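J.: sequence and predicted model, in that order:
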Amino acid sequence: MMLSPETLQKELSESAEFIKEKLKGNHVTTAVTLGSGLGDFAEDLEDKIEIPYGEIPHFHGTSVAGHAGKLVYGKIKGKSSVLAMQGRIHAYEGHSFCEVVFPTRVLKTLGVKNLILTNASGGMNPKFKAGDLVLIKDHLNLTGNNPLLGKNPDFLGPRFPDMTHTFNTELSEAIRKAAKNIGYTLKDGVYVGVLGPSYETPSEIKMYQVLGGDMVGMSTVAEAIAGHHCGLRIAGISCITNMAAGLGTEELDHADIKEEANRVKGTFIGLLNETIIGLNQ
Ligand code: HPA
């Protein structure tokens, strides 16, 4: 459903007010959206405050296995604070893009400055392998949809936002630096966002490769567009959980994808922790 700018503004402030009260004066500048199988980052935080999506006014719960569905505030090493979205909603669950990006806009309303979007994806670049963490340097929105359709909410951003620097250079550099600090060789690539929920055909994968895509997944592009539109600094980390259709030997299965993400979680958590500590310095 598309909301009028007035209704959107009212709902955003109701959600943000509710969350602010739960955070009891704790302020956050950095938020992370955790992709499939990557939710454990939030489990390890200190002094946690957990808010199930179901309790937050105007939030939708997520129905996907491997996505917990709660907002988790916490600290790393006693001081660096972060707000983690453990689970997200997707358009393939039947949500409009407007609903998909509602939490992104709530983060902005809360005063968040940096949003790191993470996801599980299928590798299309032959240099990638399952288990790689890849910095998203740009995206191809091939969903055929856009979260900014409808009357523009002018209070959030412009009608026709420039997308040249969707993935923020400084925030991306902070992730690269964190990778270096922990001795991890971070690759980078272009993320192709599709609607799903069916995985791609081998021919589609060939097409996306020709178009310049390095990995493919069913999330992130809507949040990146809406986040950039409202002035959040956006960065993205993709966990290659499988080689895309036709490039590997196995048929694709969500359970295997979660398992692969789970195998990488130690490095993933280490990279995020180091990034957030760096941002708080
Ligand atoms: N395709 C689309 N989405 C995905 C994939 C894939 O191969 N792997 C994880 N998410």
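T.: Happy to help now that I have it.

J.: center of this protein - which residue?
T.: L117 (2.6 Å; CA atoms, centre = their mean).

J.: ok so it is a strand residue?
T.: Yes: per DSSP: H, G, I helix; E, B strand; the rest coil, L117 lies within a strand segment.

J.: surely it and L232 touch.
T.: No: applying CB atoms under 8 Å, one finds L117 not in contact with L232, separated by 9.9 Å. Quick note: C-beta positions are derived from backbone N, CA and C, even for glycine.

J.: how much space between the residue nearest to the centre of the chain and P153?
T.: L117 is 20 Å from P153, where distance means CB to CB, to the nearest Å.

J.: ok, Y191 next?
T.: From Y191 over to P153 the distance is 25 Å, taken as CB to CB.

J.: the ligand contacts on this structure?
T.: 120-122, 199-200, 216-218, 241-242, 244, 252, 257 (CB under 6 Å from any ligand atom).

J.: now pLDDT and secondary structure too, for the residues you listed, in TSV please.
T.: TSV is the format used below for those (pLDDT from 0 to 100; DSSP: H, G, I helix; E, B strand; the rest coil):
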residue	pLDDT	secondary structure
A120	94	strand
S121	96	strand
G122	96	strand
Y199	96	coil
E200	97	coil
V216	98	strand
G217	97	strand
M218	97	coil
T241	93	strand
N242	94	strand
A244	96	coil
L252	84	coil
I257	83	helix
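
J.: which of these sits closest to the ligand?
T.: Of all those, the ligand sits closest to G122, with 2.1 Å by CB to the nearest ligand atom.

J.: which ones are touching the closest one?
T.: G122 sits next to 199-200, 205, 215-217, 240-245, 252 when contact means CB atoms under 8 Å, 6 or more residues apart in numbering.

J.: leaving out sequence neighbours, find the closest residue to it.
T.: A244 (3.5 Å; CB to CB, 6 or more residues apart in numbering).

J.: how about the one you found, what does it touch?
T.: Contacts here follow CB under 8 Å, 6+ apart; on that basis A244 touches G122, G123, M124, E200, I205, Y208, M215, V216.

J.: settle this for me: the fourth one is touching V216, isn't it.
T.: Yes: counting by CB under 8 Å, E200 sits close enough to V216 to count as a contact (6.2 Å).

J.: just the strands in the stretch 101-250 of the chain please.
T.: 114-123, 133-141, 187-193, 215-217, 233-243 (DSSP state E, counting those that start in this stretch).

J.: and the shortest one, what does it pack against?
T.: In this structure, strand 215-217 makes packing contacts with strand 114-123, strand 187-193, strand 233-243, judged by 3 or more CB pairs under 8 Å, 6 or more residues apart in numbering; DSSP states H and E.

J.: now do the contacts for A42.
T.: The contact partners of A42, taken as CB under 8 Å, 6+ apart, are L34, K48, A68, K70, V72, G74, A84, Q86.

J.: sorry, that was for P147
T.: Counting by CB under 8 Å, 6+ apart, P147 touches F97, C98, V100, V101, A222, I225, A226, H229.

J.: please redo it, this time with the cut-off set to 6 Å
T.: Listed by CB atoms under 6 Å, 6 or more residues apart in numbering, the contact partners of P147 are F97, V101, A222, I225, A226.
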